[in-house]
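Visitor: Based on what follows, work out the 3D shape:
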Amino acid sequence: MKKIQVYVVPLQNRVLFPYQIIKMRVQDMQHYDQKQYNNYVCFVTQLDSELEGVKKVQKYSQYGILFKITGEELTAYSVSKTYIGITISRVKVESFIKTTPFCLATVEILTDEIAKQEQLYQSQLVANLRKEAKIHLEIFSNVDTKTIQSIEQEKSINKLIYNIATNAELSIVQKLKLLQIDDHQEKIKVLIQYLQARNEEFSVTRGLEERVKSEMSDQYKSQSQPRQLRSPIRQDDASRLEERMRNLNLPDHVKQVVEDEIRKLRQMGSQSIDSSVSYNYVDLILNLPWSELAQESLSIEKAKLQLDQDHFGLEKVKERILQFLAVRNLSNSQTGQILCFFGPPGVGKTSLGQSIATSLNRPFQRIALGGVSDEGQIRGHRRTYVGALPGMIINAMKRAKVKNPVILLDEIDKLTTNNRGDPSSALLEVLDPEQNSKFRDNYLDLEYDLSQVLFIATANVLDTIQPALRDRLDLMEITGYTLKDKIAIAKQYLISKQLQKTGLKNLDIEFPQDSLSILVKQYTAEAGVRQLERNISSLFRNIALRHVQTQEVKFIINEEIIQKCLGPSAYDPKLPPINQPGVARGLAWTPYGGKVLMIEVVKMNGKGRIEVTGMLGDVMKESVRTALGLIRAYWGQIKAISVIQDEIQFDQMDIHIHFPAGATPKDGPSAGIAITTAIISLLTGIKVRSTVAMTGEITLTGRVLPVGGIKEKILGAYEKGIKNIIIPYQNKANLIDIEQEVLDDCNISPCRTIEEVLSLALDYEGPKIINISKQPKL
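Guide: I've put the predicted structure just below:
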């Protein structure tokens, strides 16, 4: 037996046999050298586990196939070469020489010689093999007649065996066992055994299938024969629908459609597929409110009482809602702008809609739009589709049972778009007072009047709302609550609500204000009160467990109990002091309220490079470049306040600016003056005051430009105990939106230029920077 060293390619879930002409794209042959290995390749099957009766070397089958490459192809789309060749013989792997980065093994070539081939060819054994193979291939394989003819006419026993094994429906284990058998008679017997087993298995399965099919056919016939017995049931359905129609005051065009559908329903057989579609369609029409109206109450006093009862604070929002209701009362009009409450989560946007519905004495329906991406979910699907349903709007009207409910479109900013249409565009018709009196749902396919519905939308941000849709909304911003507001809300609403939910209302539970203050300051960092409510619920659940175990009835919630139930404080109520130059505090707006943004700057010897880190957006990176451009241009005036004696050489030092909380994305121009102040603090050696935070866009000439989110930023700084806040002068008008108690407790300084900012921010009492606003000397 001849032994050779050959390049080995493992195969996944595949076994090859000799005499196969194949074209194979091999990903693992980038190390293959045709000249070195004389165009030979060995294919072995990779085994992930032990298989009974299959011999293996390391993790590969011991028996494989020697492949002779006769040509190759390389197309523009191929990652590796496509080799064309023929499998020529079986091989037995003696040992692997190497397995990385490619496999190389010593193999023994098995010749498959037959001593008495003619005698074996004429034997009954080979005849049985042909017979079973023909039956098997006709059942299982998609081979053509030429393949079956070649099996009948093949003179070579080796080719006959391997041709059948290649095309037969055999498992990987069965093929590997055939590959490792040397004796031809034994190999033929094993192959016949495999084929017979598969053929018998098919016969049993086919018999069962025919039996089940026959039983189902008999059952269907028995159900379909008494058709005349089932027709009266459908007639009764049609009669009930007709009776309901007579009792309703339907518009003429709707009544005509219902009558036509009932007439068709009577004519349909009970087994008709369309009968259930027609029945459901008529049932929907009869369940919709076409003329029913809720008896509305437009009392401003009642509305004000309801809003005050359900919500603490939000005085300007409540006043705006009352103005909206007053206009509707005086104009006696049901149409107009659509209210949209926007602001951080947990500030009461959805519950405000519920309060409006209660004060108006109208039914309330909520439609969750978060993640809706299919226009059909708004307008419905046409009845020609299988499983078609009406849209969310029509379903809400069906549930409301009146024509003038309050419908809350929750999370309108989270609509998405895909290839099934744009739901935002579908809402344009719904929310347009000039169009929604003739709204047409695809499923209903009738004009439906939505003009008397009071639509209210909610959103966290406005940027993601389609501009045309945003233009139809009457926007009302609801910002976050102050510490005092949150404590008051907890006292008046949350504690009593959670006592009721946890079954503790009959116990003597005391929740001092100091404990509430700790809970708000150290365990929440939000604009709303959702996390606060969850924390109160967690405290009461622990008390409930303790009460059940010990039968105690009096509890005083103090700091010790809070830490035991909720763990260490999640948030530090106070910011660390600024102890070195190069650190400043900016203010940032987020959908969840205002945040204090730390900015850190260091310098080192280098070549004038600037490094910026902290997951920043392009606008914020431009603010960094603008600040550096300003400082370099006006360094002659700025260095007058420096306490560092060494001369600053910008081209001989590198500056690294970092914004902590590096995993949080940050963008926008509002950190411009804070970045400028931090860099000037580093270069002059003067610290920034720890009690100061700032927001505003900077220009190359030192002007401070206005930014958005002033109220949220001031409240965010106030929550962290920072009461000296620098804002752009043009944002002074935004202070009217802030509660008076916050304004009285804070020192808010509007600034026009960077000189004014530095005079307030830097901890320095020397001469001031002047003339930055003038053109720099070149």
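
Visitor: Let me know the average pLDDT across the longest helix along the chain.
Guide: The residue-count maximum for a helix in the chain (DSSP state H) belongs to helix 184-224. Per-residue pLDDT values over helix 184-224 give a mean of 76.

Visitor: In three-state terms, label the most centrally placed residue in the chain for me.
Guide: When Cα atoms, centre = their mean is applied to the chain, the residue found nearest the centroid is G371 (8.4 Å). Here G371 is coil, with the state taken from DSSP: H, G, I helix; E, B strand; the rest coil.

Visitor: which residues touch it?
Guide: By Cβ atoms under 8 Å, 6 or more residues apart in numbering, the residues touching G371 are 414, 416. All C-beta spots, glycine's among them, are computed from the backbone N, C-alpha and C.

Visitor: Give me the helices and strands touching the longest helix of the chain, please.
Guide: The contact analysis (3 or more Cβ pairs under 8 Å, 6 or more residues apart in numbering; DSSP states H and E) places helix 184-224 against helix 124-140, helix 157-167, helix 172-179.

Visitor: Adding mean neighbour count and mean pLDDT, write these out as CSV.
Guide: Output for the helices and strands packed on helix 184-224, formatted as CSV (neighbours: other Cβ atoms under 10 Å; pLDDT from 0 to 100):
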stretch, mean neighbour count, mean pLDDT
helix 124-140, 16, 84
helix 157-167, 21, 88
helix 172-179, 21, 89
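
Visitor: Y448: what's its closest spatial neighbour, skipping adjacent residues?
Guide: Residue nearest to Y448 in three dimensions, not counting chain neighbours: F439, with 5.1 Å by Cβ to Cβ, 6 or more residues apart in numbering.

Visitor: wait, isn't I722 in contact with T691?
Guide: Yes - at 6.3 Å, I722 and T691 qualify as touching, with contact defined as Cβ atoms under 8 Å.

Visitor: more crowded one of these two?
Guide: The neighbour comparison of I722 against T691 (other Cβ atoms under 10 Å) goes to I722, with 21 against 17.

Visitor: By residue count, what's the longest strand in this protein?
Guide: Counting residues, the longest strand found in the chain (DSSP state E) is strand 82-98.

Visitor: burial count for the closest residue in space to N128 that isn't next to it in sequence?
Guide: Excluding the flanking residues, the one nearest N128 by Cβ to Cβ, 6+ apart is I192, at 5.7 Å. Residues lying near I192 (other Cβ under 10 Å) number 18.

Visitor: Check K98 too.
Guide: Residues within reach of K98, counting by other Cβ under 10 Å, total 10.

Visitor: partners of it in the sheet?
Guide: Following DSSP bridges, K98 is listed with bridge partners L104.

Visitor: next one: V44
Guide: On the basis of DSSP bridges, V44 is bridged to P10.

Visitor: could you list every residue that touches it?
Guide: Contacts for V44 (Cβ under 8 Å, 6+ apart) come out as 8-11, 60-61, 63-65, 93.

Visitor: For the residue nearest to Y448, what are phi and psi?
Guide: In terms of degrees, to the nearest 10, the main-chain angles of F439 are phi -70, psi 140.

Visitor: can you check I698 too?
Guide: Main-chain dihedrals, I698, degrees, to the nearest 10: phi -110, psi 150.

Visitor: Show the pLDDT at it.
Guide: On pLDDT, I698 comes in at 93.

Visitor: chain center to the longest helix of the chain, what's the gap?
Guide: Relative to its chain's centre, helix 184-224 lies at 47 Å (Cα atoms, centre = their mean, to the nearest Å).

Visitor: likewise stretch 105-121?
Guide: 61 Å.

Visitor: Give the buried residues for that stretch.
Guide: For stretch 105-121, a neighbour-count test (16 or more other Cβ atoms under 10 Å) marks 105, 107, 109-110, 114, 121 as buried.

Visitor: and these, which of them are in helices?
Guide: Y121.

Visitor: distance of N734 from T677?
Guide: As judged by Cβ to Cβ, to the nearest Å, N734 and T677 stand 21 Å apart.

Visitor: Also E50?
Guide: Noted for E50: a distance of 70 Å to T677, by Cβ to Cβ.

Visitor: How about I738?
Guide: 23 Å.

Visitor: Stretch 465-474: which residues count as buried?
Guide: Of the residues in stretch 465-474, 465-466, 469-470, 472-473 count as buried by neighbour count, 16+ other Cβ under 10 Å.

Visitor: check contacts around L469.
Guide: Shown in contact with L469 (Cβ under 8 Å, 6+ apart): 412, 424-425, 427-428, 431.

Visitor: Quick one: the helices in the stretch 351-500 of the chain, in order.
Guide: Along the stretch 351-500 of the chain, the stretches classed as helices by DSSP state H, counting those that start in this stretch are 376-379, 392-400, 423-431, 467-470, 483-489, 495-502.

Visitor: Most tightly packed of the ones you listed?
Guide: Mean neighbour count (mean count of other Cβ atoms under 10 Å) peaks for helix 376-379 among the helices of the stretch 351-500 of the chain, with a mean of 24.

Visitor: And that helix, what does it pack against?
Guide: Packed against helix 376-379 by the contact rule (3+ Cβ pairs under 8 Å, 6+ apart) you find helix 392-400, helix 423-431.

Visitor: closest one to V54 among the ones you listed?
Guide: Of all the helices and strands packed on helix 376-379, helix 423-431 sits nearest to V54, with 57.0 Å by Cβ to Cβ.

Visitor: can you give me the angle the closest one makes with helix 392-400?
Guide: Angle between the axes of helix 423-431 and helix 392-400 is 50 degrees (criterion: axes from the mean of the first three to the mean of the last three Cα atoms, to 10 degrees).

Visitor: helices or strands up against helix 423-431?
Guide: Using 3+ Cβ pairs under 8 Å, 6+ apart, the elements in contact with helix 423-431 are helix 376-379, strand 454-459, helix 467-470.
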